[in-house]
Every structure is written in structure tokens, then in C-alpha cells.
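# sequence plus the predicted model coming up.
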Amino acid sequence: MIITVAGFKGGVGKTTTAVHLAAYLQNLAPTMLVDGDSNRSASLWASHGSLPYRVVPEGQAMKFSREFEHIVIDTGARPSADELRDLVGGCDLLVLPTNPETMSLDALLQTTEALGQIGGRYRILLTLVPPPPSREGAEARALLVSEGLPVMTAAIRQTSAFRHASAQGVPVQRARHTRSAKTGWLDYEAAAREIVQVVKEQG
């Protein structure tokens, strides 16, 4: 299974999503995370500690790909139309994280417009959803559904646990000194299960 995580705007949890989808898939079979972002965010995360799977730069992906059952690709931000076409064609499912902020949703809608012309399988994952009484998450979901876009049922709640996990170089469920680590992991578990099911149904 090849899952690609992409976005047109920074700060939407793209690398965090890639890191945790890979952590879930590693529990099922050997998994590799390909760091295709020029910022090397996933590699930096790994360098702080110990992620439970291999992280390799994009240029080395072909060399190691045969050793792994699953591959998660963390792409660079703001892919061009040609890059987006290649991303869609090279994976089983494209995952587009977005937070509920207006600027992020606007960037996402530009991406989905381009995908509508290209075709391909993708799902939108709402991330950094503020806790109640904020209704930002629900309102963002309603907007995307009204546009007829494929929004995942799972969503990732906003929590400082992810920042702690990154600093410690571990997936969020292994983060120390944070009460919300379990919440963060449960959210990504639900998202990953949904992604696996979508890929199986699509064949």
C-alpha cells in the first residue's frame, strides 16, 4: 500500500499525519516513510528519537522500497499541477490534511479543483480541530461536504501532544509528559483504519 500525504499550505499537519499513518501501518507490516519535503520535517522528527519504522529521503526510496509492504510519502508543500498528477498516479490513495482555518480551506479547494481535472483517488482529513465550544471543525466539515468533497469521518483534534512527540522523536502514543497523547493516537488510529478500508474497497 502506498499512501501519499500532500497539501497546498504549510501548518496543516502534513508531516504529523505522515508520521502517524506510518506508525499505524508499521503495526500491520513493515513500513517505510519517504521524506519528500525540502524542509526534511519527517527526517528531523526521526532524528530527535526513534520512530518505529525506516525514514528515508526521497532520493533513496527506490533503493529500499522492495523491503517494505507499505510506504507513506510526505511530500513537499504546494505541489504544481504536474507534480500533483504524478503524486496521484503514484499512490493508492492521496490524503489531504487541512485545518479548519479559512486560508487553509481556500488552499484545499484549489487543490481539489486541480484534482477534479486530473482525476485520482483522494480523501480529505480534518486536522488541528479545536475543542468545544468551538464549532470550527463542524463548520469546515459542513462546507466540504456541501462541495461534494470526500471528507474522512475521522478527524484529528488539536493537542499539544504532537509538539511533544516531535521534540522527543516518537509517535504521539509514546510521548512523555503529556496527558493528551492517548487522544492524539486514537484519532490517528481511526484515520488510518479508515484509509486502509478505503484502499481495500477501491481494490
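Yes, it's here. Residues are numbered from 1 along each chain as shown.
# all helices of the protein, in order?
Along the chain, counting by DSSP state H, helices occupy 14-26, 41-47, 61-64, 81-89, 102-118, 136-146, 161-168, 181-202.
# avg pLDDT for the shortest one?
Mean pLDDT, taken over the full extent of helix 61-64, equals 91.
# so which residues make contact with it?
Applying Cβ atoms under 8 Å, 6 or more residues apart in numbering, the external contacts of helix 61-64 come out as 32, 34, 54, 56, 71, 73. Heads up, the C-betas are built off the backbone N, CA and C, glycines and all.
# of those, which is the most crowded?
Ranked by neighbour count (other Cβ atoms under 10 Å), the contacts of helix 61-64 have V34 at the top, with 27 neighbours.
# ok, H164 to A23 distance?
Separation of H164 from A23 (Cβ to Cβ, to the nearest Å): 15 Å.
# and for R174?
From R174 to A23 the distance is 9 Å (Cβ to Cβ).
# the more surrounded of the two?
Using other Cβ under 10 Å as the criterion, R174 and A23 rank with A23 on top: 25 against 16.
# contacts only, for that one.
Neighbour list for A23: 51-53, 171, 173, 188 [criterion: Cβ under 8 Å, 6+ apart].
# got TSV for the residues you listed, with distance to K200, pLDDT and neighbour count too?
What follows is the contacts of A23, written out as TSV (distance: Cβ to Cβ, whole Å; pLDDT from 0 to 100; neighbours: other Cβ atoms under 10 Å):
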residue	distance to K200	pLDDT	neighbour count
L51	25	95	22
P52	23	96	12
Y53	21	97	19
P171	23	97	27
Q173	24	95	18
Y188	19	98	24
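# can you lay out these as TSV showing distance to R66?
Shown next, in TSV, are these (distance: Cβ to Cβ, whole Å):
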residue	distance to R66
L51	20
P52	20
Y53	15
P171	25
Q173	29
Y188	27
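# among those residues, name the ones in strands.
Assigned to strands by DSSP state E, none of the contacts of A23 qualify.
# quick one: contacts of the helix-or-strand element of the chain with minimal mean pLDDT?
Using mean pLDDT, DSSP states H and E, the weakest-scoring helix or strand in the chain turns out to be helix 81-89, at a mean of 87. For helix 81-89, contacts defined as Cβ under 8 Å, 6+ apart pick out 4, 6, 73, 75, 79, 94, 111, 114-115, 118-122.
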